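Engineer: Structure of the sequence below:
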Amino acid sequence: MVLFIKDSIPEINIDLLCKMMLNIENNKNLYNINGAVNNNNISNRPFNYYTHNRVDYEINVSFGVVLFYTSDESINYPNIDKLLCESFKKLPNDMSKKAPVKIGSYNSTCYTLLSKAPDASVANITSSSSHGSSFRKIINTLYDVRKCCESGSKFVWLIQIVNRKYLQVSELNSIPQTNEHLSRSISTIIYDKLNLFNVSNGQKQLDYPSLNQYNMFKNNQILSEHICISNIFGLDYEIIKCYKPNITQEFIYNVYACYSYVDYNDIEIRRVNPEKKWSVQIVEPFDYKEQESLENDIEENGNHVFRNDICFITQAPLYKNVYVLKVAALINTNTCEIDDNTISHVLITPYILHITFVVGDKKHSFESYLKTKNIMLLHVYMTNFPRSEIDAISLIPDKSISLLKRNIMSAISVSGACYRKDMYSIGSEVLYTADVNNNTIIIGCDNLYDFDIIKYRNTNTILFQVINL
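Structural biologist: Coordinates of the predicted model:
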């Protein structure tokens, strides 16, 4: 259970925090969210109680976490330990709860509760030291958790002042969270003095905060999906995905191949017929003059035009470097005999030629994939298409892309992007670019954390998860 404390008092209300900690320790509603003592009818109700997927849960715990999101300089280590210890002395403690204890050679863990009250010698003692036994341990180092849990203390609190990465934004993070970290959510208090979260005071929930509970997301400053960028193909994948959502990200095949250049205007290009599958159309007999004559008739009647400015396979808009494929229908796959009547040239985006395709349980190169469709790849040329990447991004239908994502992709396309190493994460890099039109800085992180949002919460900044292909 994650409990949020969001009060309007300028300084941290340590007394209120200790009362909520007592509620969790005793699994009772001893105090309400304002710190007042509840009457007997309410105080006996379980506090660590919630409903998830129409199932009721009640949990007794012996370990908890307090996360401080604050700019208050008085909240620091070890000052916070002292403040908590002094505040607990003023509050009555319920000693009747079962507690982890040490019996002979057996040390209980924080997940094991034994039917024995704490030893009288440690009762009513709150200690911030990881050594020795006490009724309650308050520590600020994750390394000391196990040591304190095995000391015979009734309850152990891990105090974290969040000045580094702690909570993952799970929707925008590809690193699996450990079971230990996930299990701590059942007894975590988040004291939010930075207004980081869009939640009400006293809210309780099963899981850590989700993306839509951050105020920066509410203010449309965090993109809810990742953006893939390739140092070879740029934003090709993201543009194509808007037209062919199931396109793969796996591309290695023949990436650095060199092809001779042609002017596509000098070649008889087969147009895209949106009424047919590309693999069906490409094996049909082709007559360029007949195609263009039909196209002129269609244009005169004001009907739909068969286009030659989009990728033949994905129907995404073509731009900059484009491949011209000479293809034909295969008559015999063993002899590679082709039907000369079907020979034609089609335009495709380069990304398609270099990715792997999966048919059944087998991976194929592009050329091999065409053969599964009874298509023979005869030749590949390169050509330039008179359209820029930013123009291609602007042509994406509104239903296929959010305005925020379009703005981010446009900024990357126009302003470029630079990377620098993330000083808080070894081996990771942060992308920076600028949206001049909207006067915003755009920052891409490979994985997004609470601390990233803390750093930029009061700035004109857009955050998103970037994946480098």
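Engineer: use CA for all of it now, contacts and neighbours both
Structural biologist: Will do.
Engineer: burial measure for E86, as a count.
Structural biologist: 14 (other C-alpha atoms under 10 Å).
Engineer: distance of it from C18?
Structural biologist: 10 Å (C-alpha to C-alpha, to the nearest Å).
Engineer: before we move on, what about E275?
Structural biologist: Separation of E275 from C18 (C-alpha to C-alpha): 68 Å.
Engineer: got it, and E292?
Structural biologist: 80 Å.
Engineer: just C148 next, same as before
Structural biologist: 19 Å.
Engineer: quick revisit: more neighbours, E292 and C18?
Structural biologist: More crowded of E292 and C18, by other C-alpha under 10 Å: C18, with 19 against 16.
Engineer: Without its sequence neighbours, what residue ends up closest to that one?
Structural biologist: F88 (6.4 Å; C-alpha to C-alpha, 6 or more residues apart in numbering).
Engineer: Tell me which helix or strand the one you found sits in.
Structural biologist: In this assignment (DSSP states H and E), F88 forms part of helix 79-89.
Engineer: Test my guess that I442 contacts Y432.
Structural biologist: Yes: using C-alpha atoms under 8 Å, I442 is in contact with Y432, at 5.9 Å.
Engineer: Name the SS class of C258, please.
Structural biologist: Remark: C258 carries the secondary structure label coil [criterion: DSSP: H, G, I helix; E, B strand; the rest coil].
Engineer: Next one: it from Y237, what distance?
Structural biologist: For C258 relative to Y237 (C-alpha to C-alpha), the value is 21 Å.
Engineer: Which one of the two is surrounded by more residues?
Structural biologist: Remark: of C258 and Y237, Y237 carries more neighbours, 21 against 10, as counted by other C-alpha under 10 Å.
Engineer: List the contacts of that one.
Structural biologist: Neighbouring residues of Y237 by C-alpha atoms under 8 Å, 6 or more residues apart in numbering: 228-229, 247, 249, 351.
Engineer: ok, now Q203?
Structural biologist: 3-5.
Engineer: hmm, try it at 10 Å
Structural biologist: By C-alpha atoms under 10 Å, 6 or more residues apart in numbering, the residues touching Q203 are 1-6, 33.
Engineer: Identify the farthest-apart pair in those.
Structural biologist: Spatial extent of these (C-alpha to C-alpha) is set by the pair M1 and K6 at 16.2 Å.
Engineer: Pull the number of nearby residues for N321.
Structural biologist: Using other C-alpha under 10 Å, N321 has 16 neighbouring residues.
Engineer: Nearest spatial neighbour of it, chain-adjacent residues omitted?
Structural biologist: Distances taken as C-alpha to C-alpha, 6+ apart put N384 closest to N321, at 4.8 Å, once the chain neighbours are dropped.
Engineer: Now do the contacts for the one you found.
Structural biologist: N384 makes contact with 261-264, 318-324 under the criterion C-alpha under 10 Å, 6+ apart.
Engineer: Show me which positions of the helix or strand containing it end up buried.
Structural biologist: Assessed by DSSP H and E, N384 sits inside strand 375-385. Across strand 375-385, burial judged by 16 or more other C-alpha atoms under 10 Å covers 375-377, 380-385.
Engineer: Following element in sequence after it, please.
Structural biologist: Sequence-wise, the next helix or strand downstream of strand 375-385 (DSSP H and E) is helix 389-394.
Engineer: Quick check: next helix or strand after that next one?
Structural biologist: That would be, after helix 389-394 and using DSSP H and E, helix 403-415.
Engineer: elements contacting that following helix?
Structural biologist: strand 227-229, helix 236-241, helix 389-394, strand 429-435, strand 440-445, strand 461-468 (3 or more C-alpha pairs under 10 Å, 6 or more residues apart in numbering; DSSP states H and E).
Engineer: what does the helix or strand following the second one rub up against?
Structural biologist: Put plainly, it is helix 236-241. For helix 236-241, the following helix or strand on the C-terminal side (DSSP H and E) is helix 278-281. Here helix 278-281 makes contact (C-alpha under 10 Å, 6+ apart) with 270-275, 312-315, 329, 342, 370, 373-375.
Engineer: likewise stretch 368-376?
Structural biologist: With C-alpha under 10 Å, 6+ apart, stretch 368-376 has contacts from 279-280, 282-283, 326-333, 336-339, 342-343, 356-359, 363-364, 367, 377.
Engineer: Quick one: end-to-end length of stretch 29-37, please.
Structural biologist: End-to-end distance (C-alpha to C-alpha), stretch 29-37: 9 Å.
Engineer: tell me the mean pLDDT for it?
Structural biologist: Stretch 29-37 shows a mean pLDDT of 92.
Engineer: what's the answer for stretch 453-469, then?
Structural biologist: 94.
Engineer: in it, what's buried?
Structural biologist: 453-454, 457, 461-466.
Engineer: so can I have TSV of those residues showing distance to N44?
Structural biologist: Listed next are the buried residues of stretch 453-469 as TSV, based on distance: C-alpha to C-alpha, whole Å:
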residue	distance to N44
I453	39
I454	38
R457	40
T461	47
I462	46
L463	45
F464	45
Q465	45
V466	49
